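A.B. asks: my questions are about this predicted structure, shown below with the sequence.
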Amino acid sequence: MTTLIWIAAALVVIGVYLSWTAGRLDRLHARIDAARAALDAQLLRRASVAQEVGTSGVLDPAASLVLYQAAHEARQAEEDQREVAESQLSQALRVIFGEEAQVEAVREAEGGAQTIAELTAAVRRVPMARRFHNDSVRAARAVRRHRVVRYLRLAGHAPFPLAFEMDDEPPAILDDRSAGA
Amino acid sequence: MKIGIVCPYSWDVPGGVQFHVRDLAEHLIRLGHDVSVLAPADDETPLPPYVVSAGRAVPVPYNGSVARLNFGFLSAARVRRWLHDGAFDVIHIHEPGTPSVGLLACWAAQGPIVATFHTSNPRSRFMIAAYPILQPALEKISARIAVSEYARRTLVEHLGGDAVVIPNGVDVDFFAGAEPKAEWQGRTIGFIGRIDEPRKGLPVLMKALPRILAEVPDARLLVAGRGDEEEAVATLPAELRSRVEFLGMVSDEDKARLLRSVDVYVAPNTGGESFGIILVEALSAGAPVLASDLDAFAQVLDQGAAGELFANEDADALAAAAVRLLGDPVRLAELRERGSKHVRRFDWSTVGADILAVYETVTHGAASVAADERTGRRARWGTARD
């Protein structure tokens, strides 16, 4: 009789542990989804501002074209091309806003100060959102690697989380905090 | 935005984390946000209107010293009630790895959680042992902030993942606008910090002082901070002791005036610093800074561009650099100017904007903070007792 009680107790403990772990995983997946949505929003915001600048005619035609093209590619990229396209937009932004004069030119245009403020916020927030996303991916992967999780398929059908890798270095002038926020 | 901030250390005891939380809360309130701070405090202590007490902190031996921490059913219940009443859009937990209300809040909440890691050197063995216990709570954090690149590196090493670097904030204009005091001017070297705490580095400075005075006989050392003054000058030859002036504990205003007055501010700290807020305050006041080359200090001083660095614990190097600086007004003026420009990045207007950007990033598309129902069943016992 006592053996049966022990077995029952052990089963209950195992059951509680498994249900807790599944709940933990579920929460981690929800966190990845939220982080990914935030990253998407920031990337889209950055591409939109870049496209606005590209079509505004404030910059010279060559720079406008490069910027427009990069922003367009970033917005239209298929999922598996996204990281490359977004990295190229980062590079285009760095080249075009590599000198103070370009930033000033935009700032002096009608409503330009607002645009620069938006662009500054966007290029600073993309790396932030990406770090938070990749951090959540790492946390979920750590739990999913557990043997119990793998053998009992506690993760269900959720796809194995992938980090978002891209070049997100902002243009140095826009990232310079000594000028104030 | 409704923001809940959790401070793990007792509100009645002054400390770096507490000051940071206070300044951050007040900055956010000035911007029009709805802020509530949860912190351990004695029930009798008068608290600012935005602070909610999490109960009295108990002194416990922890991590090599006696820390005043907060745990148990009563605290857990208060944390839950605070989360429930606050209905926050985001909560910001400071030092979530400390066994205090921060960790309890992390455990009891779900939704957008931001955490700031202030410490740079958690004991590795302890962290490895505690990892499985902390992990389920820490993995709820949606955004981690480290106060310096150095703190971030330690964090990544110990807990994996990544963090963004946002430095501690300072009210630059408070220091920049302070009135210099004539009696603290004229070939003065400043030092602020606990006298009897060897890691603050006063012994190194005392060892260097005879060499500095040999070259610059009219120099004076002004020391502000708590500790045994007799013992501090014990290593100094008797005839030089008059060149050292102890100011005791100084008020914030006097600290700013002192930093405005001195010719050189020396930070000879030998270790244990993850940020170096005092350097930022000195730069804000326009004081030329000479600091030991700790990782955290080198970063604040922009690898030596905004202030001079000397080899850590090397009294000779410190003396040589101080003598050179005191005899070179052009260099001092240059350091003052560079420091004042560089320090703008640490002003609350910049730091606060970055922290708000983090809040906005994690709340984007996410639900607001709520009590985590699964831990709720157990903590509800506590609610019944409170």
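C.D. replies: Alright, I've got the coordinates. These numbers come from a predicted model, not from an experiment.

A.B. asks: B:Ala178 is in contact with B:Ala287, isn't it?
C.D. replies: No: using CB atoms under 8 Å as the test, B:Ala178 is too far from B:Ala287 to be in contact (10.7 Å). (Each C-beta comes from the backbone N, C-alpha and C, glycine too.)

A.B. asks: near chain B at all, the lengthiest helix in chain A?
C.D. replies: Counting residues, the longest helix found in chain A (DSSP state H) is helix A:2-56. Yes: Helix A:2-56 reaches chain B (CB under 8 Å from any CB of the partner chain) through A:20, A:23-24, A:27-28, A:31, A:34-35, A:37-38, A:41-42.

A.B. asks: ranges for the strands of the stretch 151-300 of chain B?
C.D. replies: Ranges of strands within the stretch 151-300 of chain B are B:164-165, B:188-192, B:220-224, B:244-248, B:264-267, B:289-292, based on DSSP state E, counting those that start in this stretch.

A.B. asks: export the ones you listed to CSV and append columns for mean pLDDT.
C.D. replies: Below are the strands of the stretch 151-300 of chain B laid out as CSV (pLDDT from 0 to 100):
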stretch, mean pLDDT
strand B:164-165, 92
strand B:188-192, 93
strand B:220-224, 92
strand B:244-248, 90
strand B:264-267, 94
strand B:289-292, 94
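
A.B. asks: A:Arg107 is nearest to which of these?
C.D. replies: Distance to A:Arg107, taken as CB to CB, is lowest for strand B:164-165 among the strands of the stretch 151-300 of chain B, at 26.4 Å.

A.B. asks: can you give the contact residues for whichever strand or helix holds B:Lys341?
C.D. replies: With secondary structure defined by DSSP states H and E, B:Lys341 is part of helix B:329-342. Applying CB atoms under 8 Å, 6 or more residues apart in numbering or on different chains, the contact partners of helix B:329-342 are A:178, B:176, B:263-264, B:282-284, B:286-289, B:302, B:305-308, B:324-325.

A.B. asks: follow-up on the earlier one: tabulate the strands of the stretch 151-300 of chain B (JSON lines), appending distance to chain A.
C.D. replies: Converted to JSON lines, the strands of the stretch 151-300 of chain B look like this (distance: least, CB to the nearest CB, whole Å):
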{"stretch": "strand B:164-165", "distance to chain A": "5"}
{"stretch": "strand B:188-192", "distance to chain A": "24"}
{"stretch": "strand B:220-224", "distance to chain A": "28"}
{"stretch": "strand B:244-248", "distance to chain A": "31"}
{"stretch": "strand B:264-267", "distance to chain A": "20"}
{"stretch": "strand B:289-292", "distance to chain A": "16"}
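
A.B. asks: tell me how many other residues surround B:Pro61.
C.D. replies: Here the count is done by other CB atoms under 10 Å in any protein chain shown, and B:Pro61 has 8 residues near it.

A.B. asks: now do the buried residues in the helix or strand containing it.
C.D. replies: Taking DSSP H and E as the definition, B:Pro61 sits inside strand B:58-62. Within strand B:58-62, no residue counts as buried by 16 or more other CB atoms under 10 Å in any protein chain shown.

A.B. asks: swap in stretch B:160-177?
C.D. replies: Buried residues in stretch B:160-177 (16+ other CB under 10 Å): B:161-172, B:175-176.

A.B. asks: more neighbours: B:Ala178 and B:Ala287, which one.
C.D. replies: The residue with more neighbours, out of B:Ala178 and B:Ala287, is B:Ala287; 27 against 21, by other CB under 10 Å.

A.B. asks: wait, isn't B:Pro59 in contact with B:Arg68?
C.D. replies: Yes: contact criterion CB under 8 Å: B:Pro59 and B:Arg68 qualify, at 5.2 Å.

A.B. asks: what sits against residue 138?
C.D. replies: You didn't say which chain, so I picked chain A. A:Arg138 sits next to A:163, B:160-162 when contact means CB under 8 Å, 6+ apart.

A.B. asks: my bad, chain B
C.D. replies: Contacts of B:Leu138 (CB under 8 Å, 6+ apart): B:96-97, B:106, B:115, B:159.

A.B. asks: save the contacts of A:Arg138 as JSON lines, and put in distance to B:Leu221 and pLDDT too.
C.D. replies: Putting the contacts of A:Arg138 into JSON lines (distance: CB to CB, whole Å; pLDDT from 0 to 100) gives the following:
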{"residue": "A:Ala163", "distance to B:Leu221": "52", "pLDDT": "91"}
{"residue": "B:Gly160", "distance to B:Leu221": "45", "pLDDT": "78"}
{"residue": "B:Gly161", "distance to B:Leu221": "44", "pLDDT": "79"}
{"residue": "B:Asp162", "distance to B:Leu221": "43", "pLDDT": "85"}
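
A.B. asks: tell me the pLDDT of the nearest residue to A:Ala41 once chain neighbours are set aside.
C.D. replies: Setting aside the residues directly before and after it, A:Ala41 is nearest to B:His364 in space (CB to CB, 6 or more residues apart in numbering or on different chains), at 5.3 Å. B:His364 is assigned a pLDDT of 79 by the prediction.

A.B. asks: same deal with B:Ser274?
C.D. replies: So, for B:Ser274, pLDDT stands at 76.
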